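[1] got a predicted structure here, sequence first:
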Amino acid sequence: MSGKLSDDDYKMLVAELEHEMKKNGKIRLVLEFDDFHGWDVHAAWDGVKYGFKYNKYLERVAHLGDKRWQKWIAKLTKLIAKGELRYFDLKQKEHAWNWMRER
């Protein structure tokens, strides 16, 4: 994810996630925040709403970022996540993908 997320961005993301969930049940998700500037108001609400709706389908989530506030968002999200969630610095991308592939 880069730039500022909008409601339209979430609509595209959710369509892809729903497709994968129908096909596979639980999914693993890598969220890479590179040159990320946050959310507009509607997208921030979408993040909360969809986060609760699809939480039970997320087996494992890797947050990749390079900002302190992104690490804190991951820590807060981890408190309510039903699956495993880990934060990785952008420099640890390979490590994040290796973790994602572990059984």
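    Here it is on my side, so go on.
[2] please make it C-alpha for all contacts and neighbour counts, starting now.
    Fine.
[3] now do the SS call for the residue most central in space within the chain.
    Nearest to the mean C-alpha position of the chain, by C-alpha atoms, centre = their mean, lies residue 31 at 4.3 Å. Secondary structure state of residue 31, per DSSP: H, G, I helix; E, B strand; the rest coil, is strand.
[4] mind checking what secondary structure the nearest residue to it once chain neighbours are set aside has?
    Spatial nearest neighbour of residue 31, excluding adjacent residues (C-alpha to C-alpha, 6 or more residues apart in numbering): residue 63 at 4.9 Å. The three-state assignment at residue 63 reads strand, by three-state DSSP.
[5] who's residue 63 bridged to?
    residue 31, residue 87 (DSSP bridges).
[6] roughly how far does it sit from residue 23?
    From residue 63 across to residue 23, the span is 23 Å (C-alpha to C-alpha, to the nearest Å).
[7] cool, and residue 79?
    27 Å.
[8] now do residue 82
    20 Å.
[9] the two: who's more crowded?
    Using other C-alpha atoms under 10 Å as the criterion, residue 82 and residue 23 rank with residue 82 on top: 16 against 10.
[10] where exactly do the strands run in the chain?
    Secondary structure of the chain (DSSP state E): strands at 3-5, 27-32, 36-39, 58-65, 84-89.
[11] which among these is found nearest to residue 11?
    strand 3-5 (10.7 Å; C-alpha to C-alpha).
[12] residues in contact with that closest one?
    The contact list for strand 3-5 (C-alpha atoms under 8 Å, 6 or more residues apart in numbering) reads 35-40, 43.
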